[in-house]
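show me the folded form of this:
(one chain, ligands or ions: 1)
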Amino acid sequence: MTLTLSQDRRSFGGSTQFYQHFSQCCQAPMRFSLYLPPQAAQYRVPILYWLSGLTCTEENFISKAGAQRFAAEYGLLLVAPDTSPRNLGLAGEDDRWDFGSGASFYVDATESPWAKHYQMYSYITEELPALIAENFPVDATRQSIFGHSMGGHGALVCALRHPSRYQSVSAFAPIAAPMSCPWGETAFRGYLGENRQTWLGYDASELVKTSAWEGPILIDQGEADSFLGEGQLLPERFEAACQQAGVDLRLRRQPGYDHSYYFIASFMEDHLRHHAEALDCF
Ligand SMILES: N[C@@H](CCC(=O)N[C@@H](CSC=O)C(=O)NCC(=O)O)C(=O)O
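Numbers count the residues shown, from 1 in each chain. Presented below is the predicted three-dimensional model:
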């Protein structure tokens, strides 16, 4: 697989880089950003994947979250993929900000015209890890995942569906019960069709009830998040499901914080430490 490097910026003793490649899963060019910590010059480092939210590209997280400082300290390679394939010429692709481009919901679509290209679940869990293992000095047996909003939920789904593949998971303001909120219903209907039974496999509040996930789950949720008030996030549903399943959820409600990257950056250190501990970085 050919990777094309488009930017390489020295940061915190390592490098923030941007790549493009042709994805076999998505049958389209895909982009991701990456932070290579200084330790990668000495030994194979663990990997921490970040999944971004609606409207984001591979750039939002790496330029706004302030994660590189802590990744450099702990020796973590960060990978932040784009949120969907783009510029495919599909009908309706760019009509809405919460569906289509920038809004894949990280599922493998089954419905036309999305199914041919919107295979983001397979891309995130299979193709991208193989690509990273092949091209960077990583220990591919040590990987974790986190994200924000649509991506926070995507991270939960990946970990709950693959409990042995990820050492830890965390999320900022995840869309925690997508089958029960307007964003999720729109996306699942469009990508997966009308049968709600098939949606269950992509809803973290359902998956957690049967998953073999054992580790703690860290979630930060701003109490002044406007999307919380609109009923798009529903952390209380995930909390109840975790309680029912006996899963150790550390849901921290943060007074005054909204949905933005100002909120994310404020608690980034805690999340990176959560993952660094699980990935044996100390
Ligand atoms: N319609 C608005 C709001 C979009 C928005 O807030 N996106 C969030 C993620 S929301 C859930 O997945 C985001 O991360 N935005 C990028 C950022 O850098 O803040 C709009 O189009 O702006």
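
quick one, phi/psi of the nearest residue to residue 75 once chain neighbours are set aside?
Computed as C-beta to C-beta, 6 or more residues apart in numbering, the closest residue to residue 75 that is not its neighbour in sequence is residue 39, at 3.6 Å. The way it works is simple: take the backbone N, C-alpha and C, and place the C-beta from them, glycine included. The phi and psi torsions at residue 39 (degrees, to the nearest 10) take the values phi -60, psi -20.

residue boundaries of the helices in the stretch 151-282 of the chain?
Under the criterion DSSP state H, counting those that start in this stretch, helices of the stretch 151-282 of the chain are mapped to 182-192, 204-207, 226-229, 235-245, 261-278.

which of those helices sits most buried?
Sort the helices of the stretch 151-282 of the chain by mean neighbour count, taking mean count of other C-beta atoms under 10 Å, and helix 204-207 sits at the top with a mean of 24.

who touches it?
With C-beta atoms under 8 Å, 6 or more residues apart in numbering as the contact definition, helix 204-207 has outside contacts at 153, 156-157, 160-161, 174, 176-180, 200-201, 234, 237-238, 240-241.

repeat that for stretch 176-193.
So stretch 176-193 is contacted by 54, 96, 98-99, 103-105, 107, 109-111, 114, 118, 150, 152-153, 156, 175, 196, 198-200, 202-206, 219, 230-235, 237-238 (C-beta under 8 Å, 6+ apart).

and for stretch 64-78?
Taking C-beta under 8 Å, 6+ apart as the criterion, the residues outside stretch 64-78 that touch it are 11-14, 16, 33-40, 45-50, 61-62, 132, 136, 138, 261, 264-265, 268-269, 272-273, 275-276, 279, 281-282.

out of those, which touch the ligand?
When C-beta under 6 Å from any ligand atom is taken as the criterion, the members of those that contact the ligand are residue 261.

among the contacts of stretch 64-78, which are located in strands?
Filtering those for membership in strands, criterion DSSP state E, returns 11, 14, 16, 33-36, 45-50, 138.

just the buried ones from the contacts of stretch 64-78, in ChimeraX syntax?
Only the buried entries of these go into this ChimeraX selection, using 16 or more other C-beta atoms under 10 Å:
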select :11,12,14,16,33,34,35,36,37,39,40,45,46,47,48,49,50,61,62,132,136,138,261,264,268,272,273,275,276,279,281
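
do you know how far the nearest residue to residue 200 once chain neighbours are set aside is from the ligand?
When the adjacent residues along the chain are set aside, residue 200 lies closest to residue 206, with 4.8 Å between them (C-beta to C-beta, 6+ apart). Between residue 206 and the ligand the computed distance is 19 Å (C-beta to the nearest ligand atom, to the nearest Å).

quick one: residue 61 and residue 33 touch, right?
Yes. Contact criterion C-beta atoms under 8 Å: residue 61 and residue 33 qualify, at 7.2 Å.

just checking: what are the partner strands of whichever strand or helix holds residue 142?
For residue 142, the host element (DSSP states H and E) is strand 138-148. With DSSP bridges as the criterion, the sheet partners recorded for strand 138-148 are strand 45-51 (parallel), strand 169-172 (parallel).
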